[in-house]
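**Q** pasting the structure only:
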């Protein structure tokens with residue numbers, strides 16, 4: 001889930017067309033979870049083929065990504081590598097939470113009740129989902145980058161280098177990792193139903209500018225990282241009864257987290273390692289950012305013959321991707 005710093009940072013609403021011609025390094029795991037969570041049947045069951053393989057994420061990757069590409073957005077998907085050792089407890093807690101959600105979903109279904117929210121919370125990513133996702137993304141002609149550690153850190157690094165224009169993620173961790181510009185809501189743009197309410201809202205993409213945000217708050221990037229750590233991140237539980245606004249107030253008063261902990265007579269395990277991980281995470285420069293011709297036959301063969309998708313719809317979408325690629329190449333040809 002990451003740390004929620006939304007109430008501290010300005011989020012500028014944009015239109016998808018504002019991203020036309022821009023590269024976005026997408027946190028692949030974050031996006032896969034979103035698709036697995038929101039693309040489901042009415043009873044909460046994910047989309048599946050006849051063999052029981054989950055296909056919700058593939059549906060999202062093909063159709064929603066195609067819409068973005070057709071709008072001119074260029075996407076590179078960054079996959080997680082090995083998580084740091086201090087994330088183990090968080091991963092264990094998340095796994096336990098998904099187990100509880102799965103049990104609650106089954107109980108709701110047995111009682112004939114609406115268990116959709118539990119089904120969403122029970123979403124899991126396994127190796128098959130990852131492999132299928134990578135396979136489809138590559139067949140669509142989009143870059144796949146393997147991060148040595150956290151995908152968000154790698155995406156932030158690519159944006160900081162100027163190899164992409166934005167890091168794309170729902171989480172605010174991308175900012176803690178130093179992404180200059182973060183775009184949110186790419187995968188969920190459109191009408192969305194509010195939880196537990198029969199109310200629909202429009203969800204728009206939004207951009208957060210790290211430099212601008214730091215200037216508005218009057219703090220440094222390191223201090224923003226320490227605010228995140230005080231609130232709780234994927235790597236630590238945070239301080240009791242300390243939210244973003246309180247953390248900001250404390251940082252402004254004391255200057256750094258060590259001084260805050262000293263006054264509170266508290267300690268934080270592996271503080272130095274966690275802070276350094278945000279400020280200087282393991283990343284790689286071994287990647288290529290380029291669009292390739294979509295392999296239409298491979299997309300159709302995989303999704304239709306192996307995963308039971310509708311042939312006409314898949315082929316039509318794949319041809320749209322091919323046309324966007326051809327149009328782009330024609331534009332380049334006119335320049336050279």
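**A** Okay, I see it. Everything numeric in this text was worked out from a predicted model, so none of it was measured.
**Q** show me where pLDDT drops low in the stretch 1-150 of the chain?
**A** When residues are selected by pLDDT under 70, those of the stretch 1-150 of the chain lie in 1-2.
**Q** whoops, I mixed them up, the stretch 201-336 of the chain
**A** Low-confidence regions of the stretch 201-336 of the chain, defined here as pLDDT under 70, cover residues 201, 329-336.
**Q** please enumerate the strands of it.
**A** Taking DSSP state E, counting those that start in this stretch to define them, one finds strands in the stretch 201-336 of the chain at 206-209.
**Q** equivalent analysis for the stretch 51-200 of the chain, please.
**A** 74-79, 144-146, 166-168, 181-184, 190-193, 200-203.
**Q** show residues contacting the fourth one.
**A** Surrounding strand 181-184, the residues in contact under the criterion Cβ atoms under 8 Å, 6 or more residues apart in numbering are 11, 14, 19, 24, 159, 165-170, 172, 174-175, 205-210. C-beta coordinates here come from the backbone N, C-alpha and C atoms, glycine included.
**Q** do the same with the first one
**A** Contacts of strand 74-79 with the rest of the structure, by Cβ under 8 Å, 6+ apart, involve 21-29, 31, 65, 68-69, 130, 133-134, 137, 142-147, 151-152, 154-155, 158, 164, 168, 287, 289, 291.
**Q** return a PyMOL selection command for the buried portion of the contacts of strand 181-184.
**A** Applying 16 or more other Cβ atoms under 10 Å to those leaves a buried subset, and the PyMOL line that selects it is:
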select buried, resi 11+19+24+159+165+166+167+168+169+170+172+174+175+205+206+207+208+209+210
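**Q** circling back: ok, which of the strands of the stretch 51-200 of the chain comes nearest residue 224?
**A** Distances from residue 224 to each of the strands of the stretch 51-200 of the chain were compared using Cβ to Cβ; the shortest belongs to strand 181-184, at 12.5 Å.
**Q** domain-wise, how is the chain divided?
**A** 1-217, 219-280 (automatic domain parsing).
**Q** can I get those in CSV with distance to residue 302?
**A** Compiled in CSV, the domains of the chain are given as follows (distance: least, Cβ to Cβ, whole Å):
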stretch, distance to residue 302
domain 1-217, 7
domain 219-280, 32
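**Q** now for the nearest residue to residue 143 once chain neighbours are set aside, how many residues are close by?
**A** On the basis of Cβ to Cβ, 6 or more residues apart in numbering, the spatially nearest residue to residue 143 that is not a chain neighbour turns out to be residue 76, at 4.0 Å. Burial of residue 76 is recorded as 24 neighbouring residues (other Cβ atoms under 10 Å).
**Q** how far away is residue 76 from residue 142?
**A** With distances taken as Cβ to Cβ, to the nearest Å, residue 76 is found 7 Å from residue 142.
**Q** over to residue 312?
**A** Relative to residue 142, residue 312 is positioned 23 Å away (criterion: Cβ to Cβ).
**Q** of those two, which one has the most company?
**A** Using other Cβ under 10 Å, the more surrounded residue of residue 312 and residue 142 is residue 142, with 21 against 9.
**Q** that one touches residue 291, doesn't it?
**A** Yes - taking Cβ atoms under 8 Å as the contact criterion, residue 142 and residue 291 are neighbours in contact, 6.9 Å apart.
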